[in-house]
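Peer 1: Could you look at this predicted model? Sequence included:
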Amino acid sequence: MISLKRVLIKLSGELLSKDDDGGLNIELINNVVQDIETVINLGIEVAIVIGGGNILRGSGYKFSKMIDRTTVDSMGMLVTIINSLALRDIFLAQGIKSVVLSAKSIDGIVESKDSLYARELLEKKNIVIFSGGTGNPFVTTDSAASLRACEIRADAILKATNVDGIYDKDPKKFSNVKRYRRLRFSDVISKELAVMDLPSFIQCRDFNIPICVFSIQKNRALERVVNQQEEGTWII
């Protein structure tokens, strides 16, 4: 069993939209908020890194040949701030203390990230939402998740997706698939399993931060993950 006192939840932006239509779906976000509230009530400190794929994905941006990649990535960072602000306000509406910190501050909107301040906020039972990615182009929010997890000394990264774990083959293409319950970091590399971007995955390995990949769309899945019941796939 892994002692989970502080976790970082990695949310993809796509989980905040409905039917791939982009934008923000408040009902879906509220469902995520309720799941996270259950975890907070268990006494676990929660930080969040959120993507921006519901509005813009840098790797597939249709005007990428006309707009420089660094500009596209900067746009993506702004999208994560938009998502984070929405998530914060929904937490606050539920009476849950939450603060948005950003790799790139915007005066009057969001303050800059500070590792010591973030840890102090977590100790005071605030949810800390990290936005703005890493503040640098050419990396995804997976890298932001691994970096922030190291900075706040998280016990694990919980990667919330729309797939309920890691499979030996693509479950969308094959019926005879096997879901792994537990893997070692070396297994993921040797089997070339897509979990996170490789640099962020290596960082988690080097800093001994376990990762759990699970579907947050399953009812009470997050609660089962933090209680380390049968849910998702753990990489240790």
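Peer 2: Happy to help now that I have it. Residues are numbered from 1 along each chain as shown.
Peer 1: elements contacting the longest helix anywhere in the chain?
Peer 2: Assignment by DSSP state H gives helix 69-93 as the longest helix of the chain. In terms of contacts (3 or more C-beta pairs under 8 Å, 6 or more residues apart in numbering; DSSP states H and E), helix 69-93 is packed against helix 26-41, strand 45-50, strand 98-102, strand 127-131. Every C-beta, even on glycine, is put in place using the N, C-alpha and C of the backbone.
Peer 1: ranges for the helices of this structure?
Peer 2: Taking DSSP H as the criterion, the chain carries its helices at 26-41, 69-93, 115-123, 141-152, 185-191, 198-206, 221-226.
Peer 1: thinking again about what came up before, if it's not too much trouble, I'd like the helices and strands packed on helix 69-93 exported to CSV so that mean neighbour count sit alongside each entry.
Peer 2: Shown next, in CSV, are these (neighbours: other C-beta atoms under 10 Å):
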stretch, mean neighbour count
helix 26-41, 16
strand 45-50, 27
strand 98-102, 23
strand 127-131, 27
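Peer 1: Figure out which of those is closest to Ala154.
Peer 2: strand 45-50 (6.7 Å; C-beta to C-beta).
Peer 1: which residue of the protein sits farthest from its center?
Peer 2: Taking C-alpha atoms, centre = their mean, the residue of the chain most remote from its mean C-alpha position is Met66, at 29.6 Å.
Peer 1: To Gly135, which of the helices of the chain lies closest?
Peer 2: So among the helices of the chain, helix 69-93 is nearest, using C-beta to C-beta, at 7.1 Å.
Peer 1: contacting residues for Val110?
Peer 2: Applying C-beta atoms under 8 Å, 6 or more residues apart in numbering to Val110 gives the contacts 81, 84-85, 100-102, 131-132.
Peer 1: picking that back up, right, and the helices of the chain - which one's nearest Thr161?
Peer 2: Closest of those to Thr161 is helix 221-226, at 10.5 Å (criterion: C-beta to C-beta).
Peer 1: in the closest one, what counts as buried?
Peer 2: 221-223, 225-226 (16 or more other C-beta atoms under 10 Å).
Peer 1: Identify the residues contacting it?
Peer 2: Residues from elsewhere that reach helix 221-226 (C-beta under 8 Å, 6+ apart): 4, 7, 9, 35-36, 38-39, 42, 44, 158, 160, 164, 212, 214-216, 230-232.
Peer 1: Can you say which of those are buried?
Peer 2: Using 16+ other C-beta under 10 Å, the buried ones in the contacts of helix 221-226 are 4, 7, 9, 35-36, 39, 158, 160, 164, 212, 214-216, 231-232.
Peer 1: ok, the residues you listed vs Leu116, which is closest?
Peer 2: Nearest to Leu116, judged by C-beta to C-beta, of the buried ones among the contacts of helix 221-226 is Val7 at 19.0 Å.
Peer 1: didn't that closest one look like it was pressed against Ile48?
Peer 2: No - Val7 is not in contact with Ile48 according to C-beta atoms under 8 Å; the separation is 9.5 Å.
Peer 1: For the chain, give me the ranges with low pLDDT.
Peer 2: Filtered on pLDDT under 70, the chain yields the residue ranges 18-22, 57-64.
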